[in-house]
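A.B. asks: I'd like to go over a predicted model; first the sequence, then the structure.
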Amino acid sequence: MAKKRTLFECQSCGFQSPRWMGKCTSCNEWESMIELSSEQIKFLKETSSNSSTTVLSKAKPITQIEEDNITRFSSGSRELDLVLGGGIVPGSLTLIGGSPGVGKSTLLLKIAGNLARVSQKVLYVSGEESAGQIKLRANRLEANHDNLFLLPEINLSSVIAEINNQNYELIVIDSIQTLYSDETPSAPGSVTQVRTITFDLMRIAKSLHIPIFIIGHITKDGSIAGPRVLEHMVDTVLYFEGDTNSDLRLLRGFKNRFGATNEVGIFEMNKEGLNDAKSMAGKFFNKEKLQSGSALTVIMEGSRPIIIEVQALVSESYGHAKRSSTGFDNNRLGMLLALLEKKLDLPLGTYDVFINVSGGIKINDPSADLAVIAAILSSYRNRELSSETLFLGEVSLTGEIREVLGLSQRLKEIETQGFTKAVIPNKPMEKTKIKCFVADEVSKVVEWM
Ligand SMILES: Nc1ncnc2c1ncn2[C@@H]1O[C@H](COP(=O)(O)OP(=O)(O)OP(=O)(O)O)[C@@H](O)[C@H]1O
Ligand SMILES: [Mg+2]
């Protein structure tokens, strides 16, 4: 009798193994391996043998190839256009991820409504909500238009049939995890399903030249649920960030085949939906209410300077000292604390230290290091910092404060927001009304505070 073949697949990264493992050796996820049924194994075998049939296309010298003409069109949202690198590219596949309730469906329904209004035919496929539910949201967002079509469907073949029957100019899939393909014998949301569906959607987008937006759920650790390959397959990956308690949402580019990923879109959630944030002024700080443990800095989000507040709480520890941060890298916090202990002789080893960045923003810009140090010192001494001063600088392991990029742009923003003083690592090249205190060493900042 022939031996039954077994195959296990990781539901996190798609790695396959003939043996079950408690921890995936590829992505280190625990308890993620599930056994594939005999039909699933047969399907995988068939698809892999199909892909290795005779090669029909021939390679050409690059000099003989005509480049694709990318003509972008606006999504009707200034912020989304900015993150996409100037607008929507026809034939592109964009994946938008974010935690539950952050506003993924809201944003895409709004965009669908915007485009329908400028006489583009849009299809909104939802596997999560009924047409009536979406209609309710559309009323709120003023997205009702004859050009916007709703399709509450979870079967991929019906979706494809609908796309082929009509000439849509934009398609939204809400969400990839709820769709399923008859051809794949696994449950919706499984690795094989998500991979097959994305591949089919990619083919449609490229062959019909229709831009497709896909919504993807994210896992606890913040990555798109499903195989990592999903991120590799699509052209653009955008992630929503933001605290659901605050009304600000940030849309950050993670990958973009048609533009840079350094831009961030900033939106405001209100009852009319997710709108472009009008002005960033004062959104991430409150000058009047600055208390001990708070320090202000200006970070660059793409090409825009944004003033934010960093808060620290340093309190005596009973037992093992805790270090925890929200919006700031925990390892970097550990490094800054070690530096303060070593260079300034602060006994922080016996204190708990908590860091929070206001507005749910996640700091990626190293120039915020100095503000974190200032906030820690201010909380440790229980002494308020001047609400007129901002702190800028990247701190090295030796305690030296390094130069920051775009200093003049940052100083201009500080001036526009009505601040008068700044602690900076190097002399500004251009003239400024801001009173600058140059500190190239951590110890010098302490003298000044
Ligand atoms: N009437 C309303 N007024 C103001 N804000 C609302 C209203 N209804 C919903 N919201 C906001 O919209 C959010 C839900 O947005 P949305 O459904 O687009 O999120 P989502 O990212 O698609 O979530 P999911 O992952 O569950 O699909 C709510 O968390 C809430 O903040
Ligand atoms: Mg949704």
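C.D. replies: Structure received. Ligands and ions are numbered 1, 2, ... in the order given.

A.B. asks: Surely residue 341 and residue 349 touch.
C.D. replies: Yes. Counting by C-beta atoms under 8 Å, residue 341 touches residue 349, with 6.4 Å between them. All C-beta atoms are positioned from the backbone trio N, CA, C, and that covers glycine.

A.B. asks: and those two? which has more neighbours close in?
C.D. replies: residue 341 (13 against 10; other C-beta atoms under 10 Å).

A.B. asks: so who does the more buried one touch?
C.D. replies: 347-349 (C-beta atoms under 8 Å, 6 or more residues apart in numbering).

A.B. asks: In a strand, residue 268, correct?
C.D. replies: Yes. The assignment for residue 268 (DSSP: H, G, I helix; E, B strand; the rest coil) places it in a strand.

A.B. asks: Distance of it relative to residue 156?
C.D. replies: Distance check for residue 268 against residue 156: by C-beta to C-beta, to the nearest Å, it reads 35 Å.

A.B. asks: Who has more neighbours out of those two?
C.D. replies: Between residue 268 and residue 156, counting by other C-beta under 10 Å, residue 156 is the more crowded of the two (23 against 17).

A.B. asks: low-scoring stretches of the stretch 251-400 of the chain, by residue?
C.D. replies: Residue ranges of the stretch 251-400 of the chain with pLDDT under 70: 280-281.

A.B. asks: Name the residues of it found near ligand 1, please.
C.D. replies: 269, 271 (C-beta under 6 Å from any ligand atom).

A.B. asks: cool, the stretch 51-200 of the chain as well?
C.D. replies: Counting by C-beta under 6 Å from any ligand atom, the stretch 51-200 of the chain sits next to ligand 1 at 98, 100-106, 128, 140.

A.B. asks: Can you flag the buried ones in these?
C.D. replies: The neighbour count (16 or more other C-beta atoms under 10 Å) marks 98, 102-106 as buried among these.

A.B. asks: okay, those residues in a markdown table with secondary structure, distance to residue 180 and pLDDT next?
C.D. replies: Shown next, in a markdown table, are those (DSSP: H, G, I helix; E, B strand; the rest coil; distance: C-beta to C-beta, whole Å; pLDDT from 0 to 100):
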| residue | secondary structure | distance to residue 180 | pLDDT |
| --- | --- | --- | --- |
| 98 | strand | 22 | 87 |
| 102 | coil | 24 | 88 |
| 103 | coil | 25 | 91 |
| 104 | helix | 20 | 92 |
| 105 | helix | 19 | 94 |
| 106 | helix | 25 | 94 |
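
A.B. asks: which one of those is nearest residue 149?
C.D. replies: Using C-beta to C-beta, residue 105 is the member of these that lies nearest residue 149, at 15.8 Å.

A.B. asks: shouldn't that closest one be in contact with residue 137?
C.D. replies: Yes. Using C-beta under 8 Å, residue 105 is in contact with residue 137, at 7.1 Å.

A.B. asks: Quick check: neighbours shared by these two?
C.D. replies: Shared contacts of residue 105 and residue 137, counting by C-beta under 8 Å, 6+ apart, come down to nothing at all.

A.B. asks: Low-confidence ranges, the stretch 51-200 of the chain, go.
C.D. replies: Using pLDDT under 70, the stretch 51-200 of the chain drops low at 51-55.

A.B. asks: rerun at 90
C.D. replies: Along the stretch 51-200 of the chain, the model assigns pLDDT under 90 to residues 51-60, 65-71, 98-102, 119, 128, 175, 177, 180, 182-196.

A.B. asks: Next, please give the residue ranges for the strands of it.
C.D. replies: 93-98, 122-126, 148-152, 170-174 (DSSP state E, counting those that start in this stretch).

A.B. asks: by how many degrees do the last one and strand 122-126 diverge?
C.D. replies: To tie it back to what came earlier, the one meant is strand 170-174. 10 degrees (axes from the mean of the first three to the mean of the last three C-alpha atoms, to 10 degrees).

A.B. asks: Alpha carbons of strand 170-174, as PDB, please.
C.D. replies: C-alpha atoms of strand 170-174 as PDB (Å, rounded to 0.1, in the frame of the first residue of the first chain):
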ATOM      1  CA  LEU A 170     -11.100  51.300  -9.800                       C
ATOM      2  CA  ILE A 171     -11.800  48.200  -7.600                       C
ATOM      3  CA  VAL A 172     -11.700  48.000  -3.800                       C
ATOM      4  CA  ILE A 173     -11.600  44.600  -2.100                       C
ATOM      5  CA  ASP A 174     -12.600  44.700   1.600                       C
END
